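In: I'll drop the sequence and a predicted model, then ask my questions.
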Amino acid sequence: MNSQNGFLMYELAKRLYRIPRSLTGNGVRETLNILKEICPLLKIYEIPTGTKVFDWEIPKEWNIRDAWIKTTDGKKIIDFKENNLHVMGYSLPVHRKIGLDELLAHVYTLPENPGLIPYVTSYYKERWGFCMSELQKNELKDSEYEILIDSELKDGSLTYGEIIIPGESEKEIFLSTYICHPQMANNELSGPCVAIYLAKWLSERQNRYTYRIAFVPETIGSIAYLSRNIKEMKDRVEAGFVITCVGDTRAYSYLESPYANTLADRAARNILKQHAPGYKTYSFLERGSDERQYCSAGVRLPVCSVMRSKYGEYPEYHTSADDLDLVSAEGFEGSFELYKKILLALEHNRKYKIICACEPQLGKRGLYPTLSTKETKSIVADMMNFIAYADGENDLIAISDITGVSVEKLAGIAEQLLESGLLIEG
Amino acid sequence: MNSQNGFLMYELAKRLYRIPRSLTGNGVRETLNILKEICPLLKIYEIPTGTKVFDWEIPKEWNIRDAWIKTTDGKKIIDFKENNLHVMGYSLPVHRKIGLDELLAHVYTLPENPGLIPYVTSYYKERWGFCMSELQKNELKDSEYEILIDSELKDGSLTYGEIIIPGESEKEIFLSTYICHPQMANNELSGPCVAIYLAKWLSERQNRYTYRIAFVPETIGSIAYLSRNIKEMKDRVEAGFVITCVGDTRAYSYLESPYANTLADRAARNILKQHAPGYKTYSFLERGSDERQYCSAGVRLPVCSVMRSKYGEYPEYHTSADDLDLVSAEGFEGSFELYKKILLALEHNRKYKIICACEPQLGKRGLYPTLSTKETKSIVADMMNFIAYADGENDLIAISDITGVSVEKLAGIAEQLLESGLLIEG
Amino acid sequence: MNSQNGFLMYELAKRLYRIPRSLTGNGVRETLNILKEICPLLKIYEIPTGTKVFDWEIPKEWNIRDAWIKTTDGKKIIDFKENNLHVMGYSLPVHRKIGLDELLAHVYTLPENPGLIPYVTSYYKERWGFCMSELQKNELKDSEYEILIDSELKDGSLTYGEIIIPGESEKEIFLSTYICHPQMANNELSGPCVAIYLAKWLSERQNRYTYRIAFVPETIGSIAYLSRNIKEMKDRVEAGFVITCVGDTRAYSYLESPYANTLADRAARNILKQHAPGYKTYSFLERGSDERQYCSAGVRLPVCSVMRSKYGEYPEYHTSADDLDLVSAEGFEGSFELYKKILLALEHNRKYKIICACEPQLGKRGLYPTLSTKETKSIVADMMNFIAYADGENDLIAISDITGVSVEKLAGIAEQLLESGLLIEG
């Protein structure tokens, strides 16, 4: 079943890959509607252009139907339908015949990676542009070109999705991912694909925490989302994670919250240390996604981020090479399982207190294995270590950090001891 | 006089070596009576079989008179009188003729150390067994054997000893050692031998602290002891030490309390760092003796352990090789002196406050050496460093940790300054 | 202008070099009067001999006019006017003819550095002596010598200087330097030369803090100064520095306060880390100047010391080799600039709080560079990092420590954001 999930997530990424997403527009709506098929709890919200969200304002809505550059003999040499990245995000509409010089003033390339198309946007200054590889640019001749960008930039709305999965408690775990990048796989699609399958998994089990899962355009979307929900979130969210760049199979990365001291950080480090020991730590100074808003000085939600190859740190980032070959079912699956472990650690993370003085007698309660093997010795050692630190002060993550026993195992031990009447919640 | 103590402790160990001790029984009583000769303050207590002690119950009392295996021609090939370890502790009585196969089902060896007899007990399951070396087992022929275990397992009591040495204060320092292992030298006898001579030394001086010294069978004994004294001990004990494995001359070991932060830990580390700098630190996860009870979550007394070669960590542990050759007068002496230093550090460990602003003028008070040598410079430096940190916040152990000057020296300096009227207790 | 200051400080040192300073006397007064020319705010105070200052008493005043050793043919072979160090400080007057043996009983040399004259004093025992190089001593013949020490030791007073530069706040920054060593450059004159030019610089600007700058003879002078000002200083001083040994060009040194945790320590470390990364740290155990008094247990002002080559740690220390060649305009200048940076960091060191939730929109406020270069990117990153940590808890030094951005830059950023209305003082 596990590898099944990886396959399903990868198939979902393939399905979403060519949809022209941007900060706003129909690409976002189409994406959210497909995600809703996986988890019908997803609700889609619209915020009108011009709405004030903290220090910002919802921008105009941008949509694009087609774009190309044709030579004088009518041959399309650049075609948006071949790659969404060919158009600069938020490009104004244009349909003209122009000379090479004027065209070049609107062409963006990556000279240091001549075979790749860069990802470029201009959200806050109105202009238009084409992105292409340096090789493609070098083939342009001093001639006339017909260019088309069939886009529309006008008042509309910003679209985002939200899933609330109620748990036993009103206290929340928060997950956030973004849905505003066109045709890139690790830096974008891996996030919503893993997040929606986590949502599906969470929605099918009984949870202690309530889960709040946001699918927002990056930056303006998380600001807008906070502007509507900050009070509730400050009261309720105990840990949160920005899910992005979780599709490749390179080492795991962990981006700390501002002081690296939240429950989210503690859970992430505990699981990474035990299950991805070579993981790389980045300080909050190296932040770059929506934790910028969630952890900002005036918000300070307990949010960190667990990734594979972090945005900005891998060569394919923000280029046409961040494609479906860079990510894989295996990559999705590993991230999905790791996040499940983090969330389960949080679900299990209670404080307990042993009720008897001294060590309890496990034998008379059937808690002592009758057969003594290396494995049973380790089981007993884990139980005795849990008992030694179950003094009502430490939560399971703390005991796991001290003892090296996983939170999952500790939770199983706590369960047995609760049943034996030796333990109470602390 | 010092080496005299080592010699006396070693002689005591020799005298106690062959007494068949176990969790309960006359061997324990005989041992305690001999210890009482060294320190007559020792009181001996009995707790009847079946008494409930926290989660446990006092077991039946076990006594053994003799045990052997004879060949058909009447030759004793295994003889309890040669080595107590030949009988599994708490063996039921048996006297029968049996074949080799049946015998082998009751034989315990150490195949990886073919020349050594293992130490084996079965306190909580009733059975019988012989322990021997793998070499001895290999010489057994397919023949009939007459076997005898002349033991008795029946209601009786558990025996323990306690010494209380009143001091100026009701606050206590607690020492605990165990008296339940037969014929082994480092892991067992070194503990009570050093502890009883510490008791003798303490009983012959004026102490600030009251000393509580327990001689208990391991685990059930410390649980039983706590069940009778926990309230008083929680109120009074400021530091405690489990004294075990202190007879060899290998490096010192220090086993931390659960959070390594008690006064006992601080005193132990301070003295070890200055007097046994190569000492090895073990975390509480590697515990194995009565600190398991004293430091348990429901008890949490400030107890750690200072040892030589830690139980479980040296090759002779729990075998017939843990004998009188493994330990020595020198080994006992070193441990005895180290524990004296730790206890003196605690005796001296007050907080002080200098009463004048700025540095005092030592010269006019005769505190400044009239001769300036390397040594007198160091004496002045130590005094000035003490004065710099005697701000009423730090106890002497803290000042010693900061300055590297021993608590003993600092106490001497404090004495001089108190006499000069420059210092008050903080 | 900067190198100008180094030159002026070096010229000042040259002017002060030959004045015969000691704990007390006219050399101190003459020195203070010259310093007053640089900063007329300097006030000169006298405390009479015999005045009780905490545990001490103001000593007699010592003055010296001349001293020499003449051979029988009237040739001066040792001449105070050639080097002040030739006379032991506080030498009693003497004028006699004596033989070699008696003379040698009063001669001090440095056998391990045969070419250098040592610096020797005898403040608290009345005697007389000549200091010379080992080479000079070796040339003394078994003959008669006429010796003169034309000194005077009698009731008078101890002289010190004080500058108070009022700021917006009554809270103070305290600087202390000493003026009691004859004819030595790094260990003495560098301190008052840098301190007086810092005073001049501070007196010509508007300061937030009030500055208290003391020019005192070492030890007895700082004790006397504290005895007059301790109450006020305990109330007001937020950070202080002992300025000494700041004239050479070797690596910087930082001497910690007793717990290395004061605002002075934090400011010093912040600036040293960014501007003198190879600096050497000394613990308070290695103290040796007036921080001994300012940081004593009964005073505990927040004082540390930033130096070049620390007293006692460089080969020329307390010898005739600590001369005007050892120090330089460049050395003075560097120390002066470093102290300015430390003081400015303290001046700037406020707490701020961002008033909006989430990141603010810099663009609409003109805070976002319209041109994107490596430098503008770094400017934006610095501003965003400041904003991320401006949560009202951190002062600028803390934010600088976290982000690596200098306090000066952060203060500029804070200024911009205050003007934009995005920030308030925290």
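Out: Structure received.

In: Please count neighbours and contacts with C-alpha atoms only from this point.
Out: Fine.

In: and the gap between the most centrally placed residue in chain A and A:G6?
Out: Closest to where the C-alpha atoms of chain A average out (Cα atoms, centre = their mean) is A:I243, at 1.7 Å. Taking Cα to Cα, to the nearest Å as the criterion, A:I243 is separated from A:G6 by 16 Å.

In: which residue does the stretch 101-250 of chain A bring closest to chain C?
Out: A:I223 (6.4 Å; Cα to the nearest Cα).

In: now that residue, what's its secondary structure?
Out: Secondary structure of A:I223, reduced to three states by DSSP: H, G, I helix; E, B strand; the rest coil: helix.

In: residues in contact with it?
Out: A:V53, A:F54, A:W56, A:Q293, C:C358 (Cα atoms under 8 Å, 6 or more residues apart in numbering or on different chains).

In: Closest one of the residues you listed to chain B?
Out: A:Q293 (37.1 Å).

In: secondary structure element for that closest one?
Out: Element membership for A:Q293, per DSSP states H and E: helix A:291-294.

In: which helices and strands does that helix pack with?
Out: Based on contacts counted as 3 or more Cα pairs under 8 Å, 6 or more residues apart in numbering or on different chains; DSSP states H and E, the elements that helix A:291-294 packs against are helix A:220-236, strand A:303-307.

In: For that helix, list the C-alpha coordinates in CSV.
Out: Written as CSV, here are the backbone C-alpha positions of helix A:291-294 (Å, rounded to 0.1, in the frame of the first residue of the first chain):
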residue,chain,number,x,y,z
GLU,A,291,7.2,30.3,7.0
ARG,A,292,8.3,33.9,6.2
GLN,A,293,4.7,34.8,7.0
TYR,A,294,3.7,32.2,9.6
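
In: How far off centre is it?
Out: Between the centre of helix A:291-294 and the centre of its chain there are 13 Å (Cα atoms, centre = their mean, to the nearest Å).

In: go on, stretch A:175-192?
Out: Put simply, stretch A:175-192 sits 7 Å off its chain's centre (Cα atoms, centre = their mean).

In: ok, and does it reach over to chain C?
Out: No - under the criterion of Cα under 8 Å from any Cα of the partner chain, stretch A:175-192 makes no contact with chain C; the nearest approach is 15.2 Å.

In: same question, stretch A:112-128
Out: No - Stretch A:112-128 stays clear of chain C (Cα under 8 Å from any Cα), getting no nearer than 8.9 Å.

In: before we move on, what about stretch A:271-286?
Out: Yes - shown here: stretch A:271-286 in contact with chain C (Cα under 8 Å from any Cα) through A:L285.

In: now that stretch: mean pLDDT?
Out: Per-residue pLDDT over stretch A:271-286 has a mean of 97.

In: end to end, how far does that stretch reach?
Out: Distance between the two ends of stretch A:271-286: 21 Å, counting by Cα to Cα.

In: what's next to it, contact-wise?
Out: Applying Cα under 8 Å, 6+ apart, the set of residues contacting stretch A:271-286 is A:251-259, A:338, A:341-342, A:345, A:404, A:406, C:385, C:403.

In: Would you mark the buried spots in that stretch?
Out: Residues A:I271, A:L272, A:Y279, A:K280, A:F284, A:L285 are the ones in stretch A:271-286 that count as buried (16 or more other Cα atoms under 10 Å in any protein chain shown).

In: Likewise for stretch A:154-161?
Out: For stretch A:154-161, burial by neighbour count (16+ other Cα under 10 Å) applies to A:G156, A:S157, A:L158, A:T159, A:Y160, A:G161.

In: ok, and the most crowded of the contacts of A:I223?
Out: The member of the contacts of A:I223 that has the most neighbours, counting by other Cα atoms under 10 Å in any protein chain shown, is C:C358 with 31 neighbours.

In: I'd guess that residue is in a helix, am I close?
Out: No - with three-state DSSP as the criterion, C:C358 is located in coil rather than a helix.

In: tell me the contacts of it?
Out: Each residue near C:C358 by Cα under 8 Å, 6+ apart is listed here: A:F54, A:D55, A:I223, A:R292, A:Q293, A:Y294, A:C295, A:S296, A:A297, A:G298, A:V299.

In: With just CA atoms, put stretch A:76-91 into PDB.
Out: Backbone C-alpha positions of stretch A:76-91 (Å, rounded to 0.1, in the frame of the first residue of the first chain) are rendered in PDB as follows:
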ATOM      1  CA  LYS A  76       6.100  28.700 -34.100                       C
ATOM      2  CA  ILE A  77       9.600  28.700 -32.600                       C
ATOM      3  CA  ILE A  78       8.400  29.300 -29.000                       C
ATOM      4  CA  ASP A  79       5.200  27.800 -27.900                       C
ATOM      5  CA  PHE A  80       3.500  28.200 -24.500                       C
ATOM      6  CA  LYS A  81       1.700  24.900 -25.100                       C
ATOM      7  CA  GLU A  82       5.000  23.100 -25.200                       C
ATOM      8  CA  ASN A  83       6.200  24.700 -21.900                       C
ATOM      9  CA  ASN A  84       4.300  27.100 -19.600                       C
ATOM     10  CA  LEU A  85       7.500  28.600 -18.500                       C
ATOM     11  CA  HIS A  86       8.000  30.200 -21.900                       C
ATOM     12  CA  VAL A  87       5.800  33.100 -20.700                       C
ATOM     13  CA  MET A  88       6.800  35.400 -17.900                       C
ATOM     14  CA  GLY A  89       4.200  35.100 -15.100                       C
ATOM     15  CA  TYR A  90       1.700  38.000 -15.100                       C
ATOM     16  CA  SER A  91       2.700  39.100 -18.600                       C
END
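
In: Quick one: mean pLDDT over that stretch.
Out: 96.

In: Please apply the same query to stretch A:233-242.
Out: Taken as a whole, stretch A:233-242 has an average pLDDT of 98.

In: Distance to B:I44 added to the helices and strands packed on helix A:291-294, as CSV?
Out: Output for the helices and strands packed on helix A:291-294, formatted as CSV (distance: least, Cα to Cα, whole Å):
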stretch, distance to B:I44
helix A:220-236, 59
strand A:303-307, 60
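
In: most tightly surrounded among those?
Out: Across the helices and strands packed on helix A:291-294, averaging neighbours per residue (mean count of other Cα atoms under 10 Å in any protein chain shown) puts strand A:303-307 on top, at a mean of 29.

In: Whether that one contacts chain C - can you check?
Out: No - counting by Cα under 8 Å from any Cα, chain C has no neighbours in strand A:303-307; the shortest distance is 13.5 Å.

In: now the longest helix along chain A against strand A:303-307, angle please.
Out: Longest among the helix segments of chain A by residue count, using DSSP state H, is helix A:329-348. Compare the direction of helix A:329-348 with that of strand A:303-307 by axes from the mean of the first three to the mean of the last three Cα atoms, to 10 degrees and you get 150 degrees.

In: pLDDT on whichever helix or strand comes after helix A:329-348, on average?
Out: Scanning the chain past helix A:329-348 towards its C-terminal end, the next helix or strand to appear is strand A:351-354 (assignment: DSSP H and E). Regarding strand A:351-354, the rounded mean pLDDT is 97.

In: partner strands of strand A:351-354, parallel or antiparallel?
Out: In the sheet containing strand A:351-354, its partner strands are strand A:391-395 (antiparallel), strand A:423-425 (antiparallel), by DSSP bridges.

In: still on that earlier bit, mind checking the helices and strands packed on helix A:291-294 for the one nearest to B:F215?
Out: Nearest of those to B:F215, taken as Cα to Cα: strand A:303-307 at 52.6 Å.

In: Pull the residues that contact the closest one.
Out: Outside strand A:303-307, the residues touching it (Cα under 8 Å, 6+ apart) are A:239-246, A:252-257, A:262, A:264-265, A:268, A:291, A:294-295, A:335.

In: Brilliant, that's me finished.
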